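*Asks:* need a 3D model of the following:
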Amino acid sequence: MTTTTEPVGGSAPPGAPAPRAATAGRRTVRALLHLVLAAGAVAMLYPLVWLLSASLKPADEIFGSAGLLPHSWDFGNYVRGWTSADGSTFGRPLLNSVVVSLGAVVGNIFACSLAAFAFARLEFRFKGIAFALMMITIMLPAQVTIIPQYVLYHDLGWVNTYLPLVLPKFFAVDAFFIFLMVQFIRGIPRDLDDAAALDGCNPGMIYLRVILPLLTPALVTTAIFTFLWTYNDFFSQLIYISQSQLYTVPLALRQFIDGTGQSQFGPMFAMSVLSLLPTLALFLIFQRLIVDGISTSGMKG
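*Replies:* As a prediction, the model looks like this:
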């Protein structure tokens with residue numbers, strides 16, 4: 001004789017379809033979530049859309065009309081913005097920014113990866129104290145050290161050169177990227193190091209042949225963020241660079257603003273749109289590796 005046990009509380013047995021009310025509730029929640037995400041995307045993209053629209057408007061229409069679409073299209077803003085009064089083009093600041101940013105990228109990848117390998121894999125005296133001091137520098141405002149740095153670079157004759165913007169990167173001055181790589185390296189099994197050591201690899205060879213190839217997502221993340229932060233940096237470049245031939249994109253855009261009221265907002269917005277293209281292309285190309293590098297680096301403490 002077989003007996004059947006009814007579900008407690010009248011709930012559906014395992015495998016039975018979910019009630020229609022629960023399914024409808026989940027769909028409603030999902031629709032609301034998508035609506036919130038769409039609203040957030042619109043709020044984040046609106047400034048870029050406004051910038052693109054303003055770059056195609058005449059000067060009297062930029063701030064005189066609230067609509068996004070121009071009443072009359074003015075593509076001359078790009079022509080006037082590209083060619084400056086002294087005959088040079090906006091391509092020079094673009095090239096200067098790319099050169100400085102790439103130099104900073106190389107320095108951070110080289111120095112920060114070496115420092116991260118030392119903190120994550122090597123044993124040396126005062127390692128914990130050194131790591132703690134490095135982490136404290138993340139909370140130190142850059143404005144605190146700008147005066148002694150300027151005095152040092154001025155005495156070295158580096159003012160009006162790109163050395164203050166690039167050379168310090170080769171000494172692992174960005175603690176954030178060191179911490180990012182340390183967390184990533186800690187997630188790599190030490191068995192790989194032991195196997196390489198049995199094959200006769202010293203720490204330098206382990207770094208080059210084992211750690212560095214597996215560190216690619218974190219390296220790409222460091223490279224992209226270093227490029228973006230250096231490319232968009234206005235404060236440091238304003239302090240150390242005063243010659244117009246060495247101007248980068250932020251300094252060149254500043255030339256369109258005149259305190260006497262003769263500001264050229266149309267050409268400035270046009271060149272701002274062009275200046276976004278390199279960073280936008282880098283992010284679109286390496287978006288997956290950036291996400292992988294950030295998410296993987298936080299898996300282990």
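*Asks:* which residues does Arg190 contact?
*Replies:* Applying C-beta atoms under 8 Å, 6 or more residues apart in numbering, we find Arg190 in contact with Arg121. For glycine as for every other residue, the C-beta is placed from the backbone atoms N, C-alpha and C.
*Asks:* do that again at 10 Å, thanks
*Replies:* 120-121 (C-beta atoms under 10 Å, 6 or more residues apart in numbering).
*Asks:* per-residue confidence at it?
*Replies:* Turning to Arg190, the model gives it a pLDDT of 90.
*Asks:* equivalent analysis for the one 3 residues further on, please.
*Replies:* Model confidence at Asp193, expressed as pLDDT, equals 90.
*Asks:* nearest residue to the middle of this protein?
*Replies:* Ranked by distance to the mean C-alpha position of the chain (C-alpha atoms, centre = their mean), the top residue is Phe225 at 2.9 Å.
*Asks:* for the helix or strand encompassing that residue, give the mean pLDDT please.
*Replies:* Secondary structure from DSSP states H and E places Phe225 in helix 216-231. Summarised as a single mean, pLDDT over helix 216-231 is 90.
*Asks:* so how far is that helix from its chain's centroid?
*Replies:* Counting by C-alpha atoms, centre = their mean, to the nearest Å, helix 216-231 is centred 6 Å from the centre of its parent chain.
*Asks:* then stretch 93-110 to PDB, C-alphas only?
*Replies:* The C-alpha trace of stretch 93-110 is given here as PDB (Å, rounded to 0.1, in the frame of the first residue of the first chain):
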ATOM      1  CA  PRO A  93      48.700  68.700 -28.900                       C
ATOM      2  CA  LEU A  94      47.000  65.400 -29.700                       C
ATOM      3  CA  LEU A  95      50.400  63.900 -30.600                       C
ATOM      4  CA  ASN A  96      52.000  65.400 -27.500                       C
ATOM      5  CA  SER A  97      49.300  63.900 -25.300                       C
ATOM      6  CA  VAL A  98      49.600  60.500 -26.900                       C
ATOM      7  CA  VAL A  99      53.400  60.500 -26.500                       C
ATOM      8  CA  VAL A 100      53.300  61.600 -22.800                       C
ATOM      9  CA  SER A 101      50.500  59.100 -22.000                       C
ATOM     10  CA  LEU A 102      52.300  56.200 -23.700                       C
ATOM     11  CA  GLY A 103      55.500  57.000 -21.800                       C
ATOM     12  CA  ALA A 104      53.500  57.000 -18.500                       C
ATOM     13  CA  VAL A 105      52.000  53.600 -19.500                       C
ATOM     14  CA  VAL A 106      55.300  52.000 -20.200                       C
ATOM     15  CA  GLY A 107      56.700  53.300 -16.900                       C
ATOM     16  CA  ASN A 108      53.800  52.100 -14.800                       C
ATOM     17  CA  ILE A 109      53.600  48.700 -16.400                       C
ATOM     18  CA  PHE A 110      57.400  48.200 -15.900                       C
END
